[in-house]
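Peer 1: Provided below for reference: sequence and predicted model.
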Amino acid sequence: DGVDNDYDGLTDEPGESLQMTNFVFYNSDATPSGNPVGPADHYNYLRSIWRDGVPVTFGGDGRFHSSAPTSMMFTGDPPAFWSEENVDGLGTSNLPSDRRFVMSTGPFRMAPGSTEELILAILWSRGTDRLNSLQLLKTISDTVQTAFDDGSLTTTSIAEVSEGNVLRRFSAYPNPFSDATLLRFEIGRPAHVTVDVFDALGRHVEQIHRGKTVPGAHEKRWRPDRLPAGIYFVRISSDHHVRSRPVILVR
């Protein structure tokens, strides 16, 4: 489309990726920074423009704190400015509200009949408190992004949970954990089951279970004594059904 969409200095190169270009929030109310009403409001939020046509600006709640337009809200690292923990550089927190968040990319042009592949990652973390959880989440995000960029990130299909599937339940508790986590899974019929662990780069690190397994609930305790702290993925496979779950090891 003649645009350097991934900001690498090249235009329309093979495999060019579209980056996120806008991140804003709006509140669940009828104010100019509230719920979108029609197509114009929705489109404006995709472009970091409030319902009343005012651009999102840097600082505060994104309205009138400064005259500097921005497409990315809360770019600071909490509790630093600009974040919801510090909206003015003086340590003032943003007012609590029922918020919705919008992430978008564009604008870009597509020819009739062309297609784009949409890739999403849903990451989560829980640390010692809310700020520590955020720092852990950023570390996980960087790790997954690096693995995706260099092609080492593995993907697995996730089976829907239903009575007709072999795998019915799969959980890990506690998670995060520092010593051991208990893996629980349930299968609906006799099957050959494997339970494997992969690191954040997709490398196989351990096999916890392998063999013919009878129907019902099962438990396997995983105690990774020699592995470093980080995010790992436990994958359970059975008769072409695969499910995976991230677990976080803390030291």
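Peer 2: Yes, it's here. Numbers count the residues shown, from 1 in each chain.
Peer 1: I'd like to know which elements the lengthiest helix in the chain is packed against.
Peer 2: Ranked by number of residues, the top helix in the chain under DSSP state H is helix 130-149. For helix 130-149, the packing partners by 3 or more C-beta pairs under 8 Å, 6 or more residues apart in numbering; DSSP states H and E come out as strand 230-238. In short, each C-beta sits where N, CA and C put it, glycine included.
Peer 1: quick check: angle from the strand it packs on to helix 130-149?
Peer 2: Here strand 230-238 runs at an angle of 60 degrees relative to helix 130-149 (axes from the mean of the first three to the mean of the last three C-alpha atoms, to 10 degrees).
Peer 1: So in that sheet, which strands flank strand 230-238, and in what orientation?
Peer 2: Paired strands of strand 230-238, with direction, are strand 191-199 (antiparallel), strand 241-249 (antiparallel) (DSSP bridges).
Peer 1: Residue 129: which of these is closest?
Peer 2: Nearest to residue 129, of all the strands paired with strand 230-238, is strand 241-249, at 14.9 Å by C-beta to C-beta.
Peer 1: And the strands paired with strand 230-238: which comes nearest residue 178?
Peer 2: strand 241-249 (7.3 Å).
Peer 1: buried set for the closest one?
Peer 2: Within strand 241-249, the residues scored as buried using 16 or more other C-beta atoms under 10 Å are 241, 243, 244, 245, 246, 247, 248, 249.
Peer 1: What of stretch 179-192?
Peer 2: Buried residues in stretch 179-192, counted by 16+ other C-beta under 10 Å: 181, 183, 185, 187, 188, 191.
Peer 1: before we move on, what about stretch 191-209?
Peer 2: Buried residues in stretch 191-209 (16+ other C-beta under 10 Å): 191, 193, 195, 196, 197, 198, 199, 200, 208.
Peer 1: Might one say that the fourth one is in contact with residue 203?
Peer 2: Right, residue 196. No. With contact defined as C-beta atoms under 8 Å, residue 196 does not reach residue 203; the gap is 11.0 Å.
Peer 1: now the helices for the stretch 1-150 of the chain?
Peer 2: Ranges of helices in the stretch 1-150 of the chain, per DSSP state H, counting those that start in this stretch, are 39-46, 130-149.
Peer 1: Thanks a lot, catch you later.
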